[in-house]
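Asks: attaching a predicted model along with its sequence, questions to come.
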Amino acid sequence: MLYAFFPLVEQIRTLGMLRSRFQSLPGAFNARLVPVEKPDEKQKKGLKASLPRRFAQMPNVDKEKQAARFAQMWNKIITSFRKEDLISNREMELLLVPYVADRALDLIQWPPFLLASKLPIALDMAKDSNCKDRELRKRLEADSYMDCAVRECYASFKNIIKYLVEGEQEKKVINIIFDEVDSCIEDGKLISDVNMRALPALYDQFVKLIQYLLDNRQEDRGQVVILFQDMLEVVTRDIMEEQLSSLLDSSHGGSYGRYEGMKPLDEQYQLFASAGAIKFPVPVTDAWIEKVKRLDLLLTVKESAMDAPTNLEARRRISFFSNSLFMDMPDAPKVRNMLSFSVLTPYYNEDVLFSLNNLEEPNEDGVSIIFYLQKIYPDEWTNFLERVGCKSEDELRGSDELEEELRLWASYRGQTLTRTVRGMMYYRKALELQAFLDMAKDEDLMEGYKAAELMSEEHSKLERSLWTQCQAVADMKFTYVVSCQQYGIHKRSGDHHAQDILKLMTTYPSLRVAYIDEVEETGKDKKIEKVIYRIKLPGPAILGEGKPENQNHATIFTRGEGLQTIDMNQDNYMEEALKMRNLLQEFLKKHDGVRYPSILGVREHIFTGSVSSLAWFMSNQETSFVTIGQRLLANPLRVRFHYGHPDIFDRIFHITRGGVCKASKIINLSEDIFAGFNSTLRQGSVTHHEYLQVGKGRDVGLNQISLFEAKIADGNGEQTLSRDIYRLGHRFDFFRMLSCYFTTVGFYFSTLVTVLTVYVFLYGRLYLVLSGLEEGLATGRRFIHNQSLQVALASQSFVQLGFLMALPMMMEIGLEKGFRKALSEFILMQLQLSSVFFTFSLGTKTHYYGRTLLHGGAEYRPTGRGFVVFHAKFADNYRLYSRSHFIKGIELMILLVVYQIFGQSYRSTISYIFITISMWFMVGAWLFAPFLFNPSGFEWQKIVDDWTDWNKWITNRGGIGVPPQKSWESWWEKEHEHLKYSGTRGILAEIVLSLRFFIYQYGLVYHLSITKKTKSVLVYGISWLVILVVLLVMKTVSVGRRRFSANFQLVFRLIKFLIFVTFVTILITLIALPHMTVQDILVCFLAFLPTGWGLLLISQACKPLVRRAGLWGSVRALARGYEIMMGLLLFTPIAFLAWFPFVSEFQTRMLFNQAFSRGLQISRILGGQKKDRPSRAKD
């Protein structure tokens, strides 16, 4: 655990911590990101290597060059924030460092956000100061940023005034004033010799002058002249009257000052009033504009600017990047000497770029994607409008260019290919910048990367410019290939996906697209894309699982020593791309002292955590796994494999050892981890590095999350059966074998055992109750005083609620955000019912993992990557969770009810609660979590619509071509389709497991009041006879409905009436003669209901035999009856709660609390858009 803890010690977690350590940041930049020829240093090992390094603030050697390099990289990061609309124009100006260092100032220029409000505070201190100059200077130097702000503002003020003044007489006056001020500063007599109380007046006039310089209009020249004269008057008459009066009189012959009024106006000489006295308007250059804007910020910025950037994502990224520079990472080589690498992204048929129709089309709740994004990202929407120069969404509709910008803005916030491509192409931009810093001469470096980029087009036509060389080097070191499996089909069909991909290729000319084309085109049509390589295959390329095959066919088009596999729902950042060449150097280090690494693992940031509470839960859970979890797996356990697609492969190692993916059908469903297995088995080494992160999107709705977890559980089931795990277990030493077990299939096996233990515990308790053993134990003298046992059971129940599962999550949040924040987030998660969600997920993992072990048949389950804020219908939830949660939840509920009925006479209520509270919690979570986490799940109108839809679905007949979403029969047939391909052992296991219902029935029938006096086996036989009679009656009704309901409707109704009368007569007779009680009726119902379900399970397992016997129709009818009963059982409490409006409000608050804290009003999302649509339609 210490190895997982130490990399984040002393980290920069907040913006305040960043400000306090910003002075060491340029040194860290130059030490980490700039190649420097250094003598070989002794390598740190163990915990020392995990501790953060410290750097000097900024060495004096080559100070200007280091400041220039830092400025280029820092500003590139900040401008990328602006292009991503994370910050506004003003925030960008506050965060930027001057591109072109002003050598005349001879001081370090920090970003203005560090110097915010420092000058006004210093001005107040000077104005109110009655102490000596030394004490004021000591107070200024106590705040280093305030000292820097004062020095820079004075130097810039002096520089600008001297630049603007051109008249000889005026220059002489200005020089006298500044010389006198400099002399006072050097002698330490500034306070005693100068009247500081008049400084605010001079400050106000200088701020006005800066505004005129920013506008730079000829018509303002007169006002500028007046300002100069006013400033001179303030200085000479208020601030430095004693020092300057005699000097100024001699400088212009006594014509200025107190004797000036004695001469006529036409004979007086006014300073700055002549035509050539001042230079205004000023010739505009980029350096001049930058200088004036920066000075304006230093003078006018207020306290609120210290919060820049205000966007939470921008803050997180800056903090992480700054902190990562102090982590242990290899030194950066020059771009020419770095390892080359490729990035590969598999793409099938997902969204590339949102169309306007997609953005504006409302869902059933009246919510469009663009409306949703505007409310989720309000600050980024405002920044976007500012960037494109519009004030409202309506102005964007005016031109195709602005509409395209709108599509891009929305696509960059979804899980689209456009977002992924933009992020990965940051690698090329970073390499271009780094190549420039490597190759630039001193004068080019001082002019800056931005100037070289702007001059590239002119120079490229005449000579091989520096910018062209940078691009060439970047192309040699980086290749990006998107494997678009269906691109050829999309092109031929004119699909919009092909057009969007083509648009990406034109936007990023170095992007490469690999695809499979089954038809050779012989036409000579002009094409925008250019074919670079074409390989003829002997047959179909996709033989196994789609995604790994998609990667495998495109791997041959990649280049270089490294290969980063990136999923289509991932993102990258400019600041992280700058560290890529450092990461690639890890391939040249023997981390375990024996082998070079074959896979480099990096951390992920889940960027979908702010969408809803479920997305937040998943984000925290995933973050703890990809950070503290993988750090621990890599070192010291050394059992980290490949879990996702940010990892970087040693390309040469893997393409000579079977590739980066195994793609066999079914067994390699989780292709990622098999790549790690393969690498480890072939004597590779997998490491994890915390200093670089890649963005990743996760599923945000409960149904999406459940499908994803079902896919992972299926994959783990196949891993358990695979030869790879078998070989790893045989080849690992004992400790690595245990670590491998626990971190792969062992987690899912333990989860399965946990749930099976609940079943065994309840069936065991039921046996003790029904056999009378528990009563004997409970009433025995030894067990009467069992308070200690009850306390132990209470503690056990507390642990079973899943609080300990959140420990790694709290640990990682505590390390990254502080332990107080971790505790508050943990409490908030519990209030938002995270325990219900994680308990529900437990059922998903158990069901699909266990089913795969028994029957195999794992399959890929597409989850979709959209914005899930819509209401899922009751029928959809029923189809998805019926077998995995609802059936099991109802079974456990029946066991708990029976356990209470037969044990309440001798057992205390407290004891029962302590024993079963965690199980009741699990039952509640499994039965009602899908509706609890369903948006608008308790809105009455949607409840009515859901009931209508479910009734229609449950009664529809199936058939060939009828999808499961339209008919219950089609869904039911598909739901047990896996049994068709199961082996004999799987079928026998299914039958044996179903026998538990018959044993359960055997225990209950002997506890009826009418059977307590006899223990004959005839009682159990009669119970089966009752079941057979009921089934026969149901079969009779079913046959009668088919044969008589149309032509002999009266006869059919008479038959049903007679059956009902017979049933009532038998029931009355049993109550009157053998004194059957209401409890007996309930117990019979609870006994026979599971037995019928057991018969259904056995019939499904023996489907061929049942079908040959002609009973399959009866089995289907019985199954439909059970489904209707389960639907009513689930729907009734939901409909009851929907009567109360506060339930829906509570649910909305619980689901979208994160959005509420960021100013989002879900009521507007779920209802407001409906009101807006008619008005828009009229417009």
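Replies: It's in.
Asks: for the helix or strand hosting residue 991, buried residues please.
Replies: In this assignment (DSSP states H and E), residue 991 forms part of helix 984-994. Of the residues in helix 984-994, 986-987, 989-990, 993-994 count as buried by neighbour count, 16 or more other CB atoms under 10 Å. All C-beta spots, glycine's among them, are computed from the backbone N, C-alpha and C.
Asks: how many neighbouring residues does residue 23 have?
Replies: 17 (other CB atoms under 10 Å).
Asks: ok, the buried residues of helix 984-994 vs residue 571, which is closest?
Replies: Ranked by distance to residue 571 (CB to CB), the buried residues of helix 984-994 are led by residue 986 at 42.0 Å.
Asks: what's near enough to touch that closest one?
Replies: 854-856, 979 (CB atoms under 8 Å, 6 or more residues apart in numbering).
Asks: farthest-apart pair in the residues you listed, please.
Replies: 856 and 979 (10.7 Å).
Asks: before we move on, back to that, can I get the buried residues of helix 984-994 in JSON lines including pLDDT and distance to residue 1019?
Replies: Listed next are the buried residues of helix 984-994 as JSON lines, based on pLDDT from 0 to 100; distance: CB to CB, whole Å:
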{"residue": "986", "pLDDT": "89", "distance to residue 1019": "34"}
{"residue": "987", "pLDDT": "91", "distance to residue 1019": "31"}
{"residue": "989", "pLDDT": "91", "distance to residue 1019": "30"}
{"residue": "990", "pLDDT": "91", "distance to residue 1019": "28"}
{"residue": "993", "pLDDT": "92", "distance to residue 1019": "25"}
{"residue": "994", "pLDDT": "92", "distance to residue 1019": "22"}
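Asks: dump those to CSV, plus distance to residue 411.
Replies: Formatted as CSV, the buried residues of helix 984-994 follow (distance: CB to CB, whole Å):
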residue, distance to residue 411
986, 45
987, 49
989, 48
990, 47
993, 48
994, 50
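Asks: closest to residue 773 among the residues you listed?
Replies: Using CB to CB, the buried residues of helix 984-994 come closest to residue 773 at residue 993, 24.5 Å.
Asks: for that closest one, which non-adjacent residue is spatially closest?
Replies: If the residues on either side of it in the chain are set aside, residue 993 comes closest to residue 1097, at 7.9 Å by CB to CB, 6 or more residues apart in numbering.
Asks: and the direction of the host helix or strand of the one you found versus that of helix 984-994, what angle?
Replies: Using DSSP H and E, residue 1097 sits within helix 1078-1101. Counting by axes from the mean of the first three to the mean of the last three CA atoms, to 10 degrees, helix 1078-1101 lies at 170 degrees to helix 984-994.
Asks: any idea of the mean pLDDT in the next helix or strand after helix 1078-1101?
Replies: Next helix or strand after helix 1078-1101 toward the C-terminus (DSSP H and E): helix 1103-1108. The predicted model gives helix 1103-1108 an average pLDDT of 89.
Asks: now helix 1103-1108: buried residues?
Replies: For helix 1103-1108, by 16+ other CB under 10 Å, it's 1103, 1106.
Asks: any buried residues in the next helix or strand after it, and which?
Replies: Using DSSP H and E, the next helix or strand after helix 1103-1108 towards the C-terminus is helix 1112-1138. Buried residues in helix 1112-1138, defined by neighbour count with 16+ other CB under 10 Å: 1112, 1114-1116, 1118-1119, 1123, 1126-1127, 1130-1131, 1134-1135, 1137-1138.
Asks: out of those, flag the one nearest to residue 942.
Replies: Closest approach to residue 942 among the buried residues of helix 1112-1138 (CB to CB): residue 1138, at 8.3 Å.
Asks: list the contacts of the closest one.
Replies: Residue 1138 touches 938-940, 943, 1144, counting by CB under 8 Å, 6+ apart.
Asks: lowest-confidence member of those, which is it?
Replies: Lowest pLDDT among those: residue 1144, 81.
Asks: pLDDT weak spots in the stretch 701-850 of the chain?
Replies: Per-residue confidence for the stretch 701-850 of the chain (pLDDT under 70) gives these ranges: 777-806.
Asks: please apply the same query to the stretch 451-600 of the chain.
Replies: Scanning the stretch 451-600 of the chain with the threshold set as pLDDT under 70 gives 451-464, 519-528.
Asks: cool, and the stretch 1-150 of the chain?
Replies: By pLDDT under 70, the weakly predicted segments of the stretch 1-150 of the chain are 1-11, 37-62, 100-104, 129-133.
Asks: please redo it, this time with the cut-off set to 80
Replies: For the stretch 1-150 of the chain, the stretches flagged by pLDDT under 80 are 1-14, 36-64, 99-108, 116, 125-142.
Asks: ranges for the helices of it?
Replies: 2-5, 15-21, 25-33, 47-50, 63-83, 89-95, 118-127, 133-142, 144-164 (DSSP state H, counting those that start in this stretch).
Asks: rewinding a little: and after the helix holding residue 991, which helix or strand comes next?
Replies: helix 996-1005.
Asks: for that next one, what does the pLDDT average out to?
Replies: For helix 996-1005, mean pLDDT is 87.
Asks: which elements pack onto that helix?
Replies: Judged by 3 or more CB pairs under 8 Å, 6 or more residues apart in numbering; DSSP states H and E, the packing partners of helix 996-1005 are helix 745-771, helix 1017-1044, helix 1078-1101.
Asks: buried residues in the first one?
Replies: For helix 745-771, burial by neighbour count (16+ other CB under 10 Å) applies to 745, 748-749, 751-752, 755, 758, 762-763, 765-766, 768-770.
Asks: so what's the closest residue to residue 759 other than its chain neighbours up against?
Replies: Nearest residue to residue 759, sequence neighbours excluded (CB to CB, 6+ apart): residue 892, at 7.7 Å. Under the criterion of CB under 8 Å, 6+ apart, the contact list for residue 892 reads 758-759, 762, 919, 922-923, 926.
Asks: mind giving me the domain ranges of the protein?
Replies: 15-34+63-243+274-322, 328-354+414-457+464-519+529-698, 989-1122 (the TED database).
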